[in-house]
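Engineer: Can you look at this prediction? I've put the sequence above it.
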Amino acid sequence: MLLNSVTRGLCRFSAGAVLPASLLLSPIFFYSALTQAQQVMAQPATAQPAIEPQTEATGAQPAAPRLAGELQSRQLQSKFGSVSVEALTQKNEDGSVNSRQFVLKAGPATAPTEKTISPTAGDALLLSKNPLFDAAFALSQQERQQNSVSEITDWGFNDQQALPCPCFETGAKWHYVWTRDLSYALDLGLGALDPVRAQTSLLFKTSQVRPELIARGVDNTEVALQDTGSGGSWPVSSDRVVWVLAASGLTAQDPTGASNQAAADAWQQRWYAIARNTIVQDRAYIFDARLGLYRGETSFLDWREQSYPSWTAKDTLFLAESFSLSTNVLHYVALSRAAEAAKTLEPARANELAQMAQALKQAINSWFWLPERGLYARYIGAAHNPMPVEQYDLLGLSLAISHGVASPLQAEQILQNYPLTQAGPPVIFPALPDVPIYHNRAIWPFVSAYQLRAARQQNQAELFHKIAVSLYQGAVLNQSNMENLEWLSQKAHVEDGALSGPVINSERQLWSVAAYGDLVIGQLFGAQLSAGTLTINPYIPADLARELDLGNSLHLQNLNLAGTTLDLQLELPAQARRGQVYRLAQISLNGQPQVLTGNQQFSINLDDFSQQRNELVLKLQAMDAPVSRLTELRTANNSGPLGSISSSEKRKLLAPKEPLLSLSLSDKGIPTLQFDAAGETDTRFSLYKNGVPVKLKPRQQDWTDSKAKAEYSQCYALTQHYKDTGLSSQPSRTLCTPGASVELVAGQGLTSADHDISDYLQHPVFKNWGAPEQQLQLNFTASHAGRHALRLQYFIDNGPINTGITAVVKRLSADCPQSGKQQATLVMPHLATALEAGWSSRADFHVKAGEVCQLTISDGFNMSYLQHFNLYTGGKGGRTGPLNQAVIHKALIQPMAE
């Protein structure tokens, strides 16, 4: 979820929560104990490599007449723990199920932790041969209901007072609505189960500009919100377009609860306008035309040193200037969805949006794809040194597959090459040394769900099987759909000294709840609703059905999708070979056979259902699937702590520490780079110059760039990789030569017509500069031709480095008579302290040698300009008023090497 580690109140997960009393004490259970029905368990499947097999045993019960109900019990035992269930099913006279109740018992038999799950009358019910699997689904529906609230609260908003909002809150510990968490959860199927609440929640995460700023000349717009985040939020973090992913797929309902064309049209007009405005704003502020990519932090991986170099903990400029895979894929989705809607709503813009999407797809494949690894890099460096980093992000990879950024061949390679542990797929790989468990060394169920979708799309049955078991076990063993789990033990907390974690964890995390629902509803039953069209396309690997002992018939009863109630019956063949998949062969609707509308699928508009409640009987057939070649990570000990893992195993799991790079210049300006392995052994260095790898000898410890053009700034960064396993480190800091740079200090070349010079820490400065009306001016005569970069040195006291909404964002206008007028963005993120000077991001412009340019720095935009954040009381830029100001000391202009 969106992480603000300080401001959301860090707390360590505790397993000591009070849980409901056992169902054994309830009257209904006591009465029905006489009516227990014996269950015969099928033998579990043969052991699988990545997810170790578990043994499920059924408690034998004496046969008795079915008076009030049927009692079943089931136990799961695996290397990750044990859990049992007692399930009571009450039936109507016609044999249909009236109600169910489950009691989960996890942990040691001497002191088990119990949890009662009591589905309500409106909940969907899963009926299979395995009551523990049914209980896991019932748990997801119960937790969905618990996350459906009438008001929301957060320590940082509205002085901690409740806000009326019939919305989805984020989890047991997070009682607010966050753009990212909400959007992924809705996309994973939650939106179809409660479209009205989904729509309300989505609109809560949009805003227009504050009226007082409009009065001062700031253009009004309505955009999706970027929540508080690294360096002061947008545009350091820039994945708010995930909102479009959710909004564009939502099936709208009218005030009566009906899903019809009028409601669909009204919602499309609403979300499209917001999406278009957000796209236009992001294009202006974070798009790099030279690389064809959008800048900003990885989506969801938002805790700096958890997935970026350790030095980003105190320096978020690298996040603002670099380019991430997941965020760029989300921009591609937003452009594509907006282009499709524009065909109807704004035809003149449709082709432009489609072309932008296609160009972005090509740029992603050009810059991120690593053919020798068969994977996309998680991120690449800033535009002045766009080096691909050989670290990988499961969410970005899965989204690239699901949304067609990756070709089928690339998708196949990704699914083969991204590794799984025996507990499931980690969200990043390799893991990072000396970093606590959270994103690092962790499984996040919602990310697993996106990989599950990708595996199904590529018909990778074995991978689908392993991820499904991981989701199932993670939910039942922890008795909740947890925010995250440690990657080797599948535990919600592992003691590992200073590295213990997950350091933050929450029960019933919204996107984890959605992930489990999607496993059952969207994948196994194949019921997916998007923009009013229901597609039925079941996908059940035969080995998974055997391992989970699902039986030959599965029933999903009382499934309500956007106001239409469905009863889905899956009929599985009696036999199937190992490796086969059950797919749709025949379908009937309310007793009438239907013609399949696609390859193993059936589609229908909700408007075409003739009844309020509809019965779909799906007969499946066993079909061959291609053989999977998976990358599996195995350790002798799965308890989790790094101390329990051998040194050789660590080199297969953990990246080397990032190396240290130093730079010195000769009298003639020739740079020499020195390498330091930071204590690592048996590694080899990789040096990048201006984004291009430098050829080094195997044991080389330094390098002199004898061919460097001293007048142009040259930029370098260093990584290292283990010689035996090939795992690569994070990059060092990027170091650049000064080139023929020009400095213009406040009052001495850098001027302002409406702001006086002040003293700050013995520096001449423009203090608290940056009101909407204010500008800075400078004249610049280029001594060299080509691309130049302007940066501002600044001080800032807008808030902590890890949160807030007040990253300072300004616009550079370069008016050059020969090269023309050019625009670029300057970002000044929050710094660690108000006493240190920082450099803004680079604003590029092109000039000819000898050309005289007039440069103007004027107001931009940040999240504090949005009316929504008048609710923000946890820091500056909220209720106290918008804030887009900093202390400006000087400007630096450098000619940049190409």
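Structural biologist: Happy to help now that I have it.

Engineer: Quick check: phi and psi on the residue positioned nearest the centre of the chain?
Structural biologist: Centroid-nearest residue in the chain: F300, 3.7 Å away (criterion: Cα atoms, centre = their mean). Note on F300: backbone dihedrals following degrees, to the nearest 10 are phi 70, psi -40.

Engineer: List the contacts of the closest residue to it other than its chain neighbours.
Structural biologist: Distances taken as Cβ to Cβ, 6 or more residues apart in numbering place L395 nearest to F300, at 5.8 Å, with adjacent residues excluded. Any C-beta I mention is one placed from the backbone N, CA and C, and that applies to glycine too. The contact partners of L395, taken as Cβ atoms under 8 Å, 6 or more residues apart in numbering, are S299, F300, L301, S326, V427, V447, Y450.

Engineer: Now go through those residues and say which are in helices.
Structural biologist: Counting by DSSP state H, these place S326, V447, Y450 in helices.

Engineer: Helix, strand, or coil at D187?
Structural biologist: helix (DSSP: H, G, I helix; E, B strand; the rest coil).

Engineer: Then the one 10 residues further on?
Structural biologist: With three-state DSSP as the basis, R197 sits in helix.

Engineer: pLDDT score assigned to it?
Structural biologist: For R197, the pLDDT comes out at 98.

Engineer: With K767 instead?
Structural biologist: Note on K767: pLDDT of 97.

Engineer: Checking my notes, it in a helix, right?
Structural biologist: No: counting by three-state DSSP, K767 is not found in a helix; it is strand.

Engineer: Excluding sequence neighbours, find me the nearest residue to it.
Structural biologist: That would be S758: by Cβ to Cβ, 6+ apart, it lies 4.2 Å from K767.

Engineer: Roughly how far does V218 sit from F157?
Structural biologist: Relative to F157, V218 is positioned 23 Å away (Cβ to Cβ, to the nearest Å).

Engineer: Tell me which of those two has more neighbours.
Structural biologist: Higher neighbour count among V218 and F157: F157, with 21 against 18, using other Cβ atoms under 10 Å.

Engineer: for that one, what are its contacts?
Structural biologist: Residues counted as contacts of F157 (Cβ under 8 Å, 6+ apart) are L163, Y176, L871, Y872, T873, G874.

Engineer: Please indicate which of those residues are buried?
Structural biologist: Taking 16 or more other Cβ atoms under 10 Å as the criterion, what is buried in the contacts of F157 is L163, Y176, L871, Y872, T873, G874.

Engineer: Pipe the residues you listed into JSON lines and attach pLDDT and distance to W243 per row.
Structural biologist: Shown next, in JSON lines, are the buried ones among the contacts of F157 (pLDDT from 0 to 100; distance: Cβ to Cβ, whole Å):
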{"residue": "L163", "pLDDT": "98", "distance to W243": "19"}
{"residue": "Y176", "pLDDT": "98", "distance to W243": "16"}
{"residue": "L871", "pLDDT": "97", "distance to W243": "18"}
{"residue": "Y872", "pLDDT": "98", "distance to W243": "18"}
{"residue": "T873", "pLDDT": "98", "distance to W243": "23"}
{"residue": "G874", "pLDDT": "97", "distance to W243": "22"}
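
Engineer: domain parsing for this protein?
Structural biologist: Per automatic domain parsing, the structural domains of the chain span 643-736, 742-895.

Engineer: how long is the longest one end to end?
Structural biologist: End-to-end distance for domain 742-895, by Cα to Cα, to the nearest Å: 9 Å.

Engineer: Return the distance of that domain from the chain's centre.
Structural biologist: Centre-to-centre, domain 742-895 and its host chain are 30 Å apart (Cα atoms, centre = their mean, to the nearest Å).

Engineer: Is L663 in contact with L735, as I believe?
Structural biologist: Yes: taking contacts as Cβ atoms under 8 Å, L663 lies within contact range of L735: 4.4 Å.

Engineer: what residues are shared contacts of the two?
Structural biologist: Common contacts of L663 and L735 (Cβ under 8 Å, 6+ apart): L673, Y716.

Engineer: Show me which parts of the top helix by length along the chain are buried, residue by residue.
Structural biologist: Longest helix of the chain, by residue count under DSSP H: helix 261-286. Using 16+ other Cβ under 10 Å as the test for burial, helix 261-286 gives 263-264, 267-268, 270-279, 281-282, 285-286.

Engineer: after it, next one along is what?
Structural biologist: For helix 261-286, the following helix or strand on the C-terminal side (DSSP states H and E) is strand 287-288.

Engineer: Tell me the strands beside that next one, with direction?
Structural biologist: Strand pairing for strand 287-288, determined by DSSP bridges: strand 293-294 (antiparallel).

Engineer: contacts for the strand it pairs with?
Structural biologist: Applying Cβ under 8 Å, 6+ apart, the contact partners of strand 293-294 are 238, 282, 286-288, 323, 327-328, 331, 360, 363-364, 367.

Engineer: Those residues: which two are farthest apart?
Structural biologist: Spanning the widest gap among the contacts of strand 293-294 are D282 and W367, at 17.8 Å by Cβ to Cβ.

Engineer: Can you name the residues that contact S610?
Structural biologist: Counting by Cβ under 8 Å, 6+ apart, S610 touches N590.

Engineer: Assumed it was part of a helix.
Structural biologist: No: using three-state DSSP, the assignment for S610 is coil, not a helix.
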